[in-house]
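Asker: Fold the stuff below for me.
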Amino acid sequence: MTQPRTTLLITLTGRDRPGVTSRLFGVLGGFPLTIVDIEQVVIHGRLVLGVLAACEAEPDLTAIYRSVSALAGHLGLEAEITTGSASSLPAEGDPGLHVTVIGNPLLPAALSAITGRIAANGANIDRISRLSSDPVTCIELEVSGASPRGLRDDLAREASQRGVDVAVQRGGLYRRAMRLLVMDVDSTLIQDEVIDLLAARAGCVGEVAKVTAAAMRGELDFAASLRERVALLAGLDESVLASVRADLRLTPGARTLVRTLKRLGYKCGIVSGGFTVVIEPLAAELGIDYIAANTLEITDGKLTGRVIEPIIDKDAKTESLRRFAALAGVPLSQTVAVGDGANDLGMIGAAGLGVAFNAKPIVRDQADTTLNVPYLDAILYLLGISKDAVRAADLTEP
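Answerer: Got it, this is the predicted structure:
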């Protein structure tokens, strides 16, 4: 019978300096140990280096402790060694969960509440890292021993009360496999509603706004409401479309999001209840791969007040996600869908990760996760891409 392995957790703490890691492993190399896990963190020059090792036979703990302590003393560090059994080894085949916490600002009380709920779910926090500190603070926790659905629901309630955003996702290859991002346009990729910009030129802002609000709350059928709003634009000169395109305001972080994902090999698509004639130039500028949007009927240089069928509504957005995924050659499980209104719910539910971005309550309640910060590139953090990684990519881009 194989003898149960003994585990040793060796921790060095203190002021960081070059060569600490290599010298520690040089010392450990003199003993019959197998390295199981390593974690090293340096915060403002302070080092925490942890090494989990295993030994088949009973180790000479006294000799190991003396050697490690002598090294630590020479380097001006503190050393600690604790022992355990094979049961303390990480479970194989369980990638655990990633819990992403985003705040602006992120306060200690919020982190206390979130980590407290993780503990209450019987889960353990194995690792904590920072993905961003500006313009939002994002902390990622690697968690084991929890049910994804139960933890997600529990943390969503806590996040709402604490004014932070929390996402719970499966770890391992699942998140790394994401390869297609599909976004809504109005109030997501851009800060504006294109129909409102057109209405301002047509002098019917109030009438259009009432119908838009009801549709986005899910109180009206989107296709019917779109026809009703576009009818109010009848007679508008085609020339105003250029000025509307010029007035479009990208959501902060939109360029960074698309640029970074494209560098990483992602495909990006947009689906919009807005209009191709307005958003196609913007999509081309950003390098968007796939577009689905409505087409305004124009006759003799004037808007007729009609939309050319088929209309891009909730079902059409979902079908567009599926079509884009097929074109990109990826399964739906490797897609991310982002939106803010009721007509985005279909694609948000069908995607591998559905994100409600500054969304209506009905969308926040049904999405996998919510983002309430005004920066679209915060989606990168949900994918485990840190701010430092984005900056490094920008610096190395030719």
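Asker: Could you chop the chain up by domain?
Answerer: Residue ranges for the domains of the chain, per automatic domain parsing: 6-88, 97-176, 180-367.
Asker: Packed most tightly, which of the ones you listed would that be?
Answerer: With neighbours defined as mean count of other Cβ atoms under 10 Å, those peak in mean count at domain 180-367, which reaches a mean of 19. All C-beta spots, glycine's among them, are computed from the backbone N, C-alpha and C.
Asker: any idea how far it is from the chain center?
Answerer: 20 Å (Cα atoms, centre = their mean, to the nearest Å).
Asker: cool, stretch 52-62 as well?
Answerer: 41 Å.
Asker: Make 3 the first number, not 1, from now on.
Answerer: With the count now opening at 3, the last piece we talked about shows up as stretch 54-64.
Asker: Pipe the domains of the chain into TSV and attach distance to residue 395 per row.
Answerer: Listed next are the domains of the chain as TSV, based on distance: least, Cβ to Cβ, whole Å:
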stretch	distance to residue 395
domain 8-90	22
domain 99-178	14
domain 182-369	6
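Asker: tell me, which of the ones you listed is the model least confident about?
Answerer: Lowest mean pLDDT within those: domain 8-90, at a mean of 87.
Asker: Which residue ranges of the stretch 203-352 of the chain form strands?
Answerer: Secondary structure of the stretch 203-352 of the chain, counting by DSSP state E, counting those that start in this stretch: strands at 269-277, 292-301, 304-310, 337-341.
Asker: Please apply the same query to the stretch 3-152 of the chain.
Answerer: For the stretch 3-152 of the chain, the strands defined by DSSP E, counting those that start in this stretch cover 8-17, 36-45, 48-57, 80-87, 99-105, 126-134, 139-146.
Asker: Just put the strands of the stretch 203-352 of the chain in TSV and tack on distance to residue 232.
Answerer: Formatted as TSV, the strands of the stretch 203-352 of the chain follow (distance: least, Cβ to Cβ, whole Å):
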stretch	distance to residue 232
strand 269-277	9
strand 292-301	7
strand 304-310	5
strand 337-341	21
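Asker: Can you say which of those strands is nearest to residue 59?
Answerer: Smallest distance to residue 59 across the strands of the stretch 203-352 of the chain (Cβ to Cβ): 48.7 Å, for strand 337-341.
Asker: and the closest one, what other elements does it pack with?
Answerer: Here strand 337-341 touches strand 182-185, helix 316-330, helix 347-352, strand 355-359, helix 381-384, going by 3 or more Cβ pairs under 8 Å, 6 or more residues apart in numbering; DSSP states H and E.
Asker: helices or strands next to the last one in the packing?
Answerer: It refers to helix 381-384. By 3+ Cβ pairs under 8 Å, 6+ apart, helix 381-384 packs against strand 99-105, helix 256-265, strand 337-341, strand 355-359, strand 371-373.
Asker: so can I have JSON lines of those showing distance to residue 275?
Answerer: Listed next are the helices and strands packed on helix 381-384 as JSON lines, based on distance: least, Cβ to Cβ, whole Å:
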{"stretch": "strand 99-105", "distance to residue 275": "27"}
{"stretch": "helix 256-265", "distance to residue 275": "18"}
{"stretch": "strand 337-341", "distance to residue 275": "10"}
{"stretch": "strand 355-359", "distance to residue 275": "15"}
{"stretch": "strand 371-373", "distance to residue 275": "20"}
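Asker: So for residue 152, which of the helices and strands packed on strand 337-341 sits nearest?
Answerer: The nearest among the helices and strands packed on strand 337-341, by Cβ to Cβ, is strand 355-359 at 18.3 Å.
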